[in-house]
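Trainee: For reference, the sequence and a predicted model appear below.
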Amino acid sequence: MAIGAMFLGALVGALAVLHGNHPALPLLLAALLLAAVTAAAFALTRSDRAWVRPL
C-alpha cells in the first residue's frame, strides 16, 4: 500500500508540474496534504479511552 501511495503521489506531482498553469501548484498540493494528515493525526491521538490512561 505504501508503494502504491508513493507512486500515486509521484504521478499526481508530475502531472501537476507538466500540465499545471501555476508553477507552485505541486508545493500547494503537498502543503495541503501535509496539513490534512497532521490534522487527522492530531485528532486521532487525542483519546480518553481506558487503554491510553496510565495505570
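Mentor: Yes, it's here.

Trainee: which residues in this structure form helices?
Mentor: 2-19, 25-45 (DSSP state H).

Trainee: Low-confidence regions, this structure specifically.
Mentor: Across the chain, no stretch falls below the confidence threshold (pLDDT under 70).

Trainee: ok so, going back, indicate which one of the helices of the chain is closest to residue 54.
Mentor: helix 25-45 (15.6 Å; Cβ to Cβ). C-betas here are computed from N, CA, C, even on glycine.

Trainee: pull the CA atoms of the closest one into PDB?
Mentor: Provided in PDB are the C-alpha atoms of helix 25-45 (Å, rounded to 0.1, in the frame of the first residue of the first chain):
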ATOM      1  CA  LEU A  25       0.800  24.000  -7.700                       C
ATOM      2  CA  PRO A  26       2.800  20.900  -6.600                       C
ATOM      3  CA  LEU A  27       4.000  22.800  -3.500                       C
ATOM      4  CA  LEU A  28       0.400  23.800  -2.700                       C
ATOM      5  CA  LEU A  29      -0.800  20.200  -3.100                       C
ATOM      6  CA  ALA A  30       2.000  19.000  -0.800                       C
ATOM      7  CA  ALA A  31       1.200  21.600   1.800                       C
ATOM      8  CA  LEU A  32      -2.500  20.800   1.800                       C
ATOM      9  CA  LEU A  33      -1.800  17.100   2.100                       C
ATOM     10  CA  LEU A  34       0.600  17.700   5.000                       C
ATOM     11  CA  ALA A  35      -2.000  19.800   6.800                       C
ATOM     12  CA  ALA A  36      -4.700  17.200   6.300                       C
ATOM     13  CA  VAL A  37      -2.500  14.400   7.600                       C
ATOM     14  CA  THR A  38      -1.400  16.500  10.600                       C
ATOM     15  CA  ALA A  39      -4.900  17.400  11.500                       C
ATOM     16  CA  ALA A  40      -6.000  13.700  11.200                       C
ATOM     17  CA  ALA A  41      -3.100  12.500  13.300                       C
ATOM     18  CA  PHE A  42      -3.800  15.200  15.900                       C
ATOM     19  CA  ALA A  43      -7.500  14.300  16.100                       C
ATOM     20  CA  LEU A  44      -6.800  10.600  16.300                       C
ATOM     21  CA  THR A  45      -4.200  10.800  19.100                       C
END
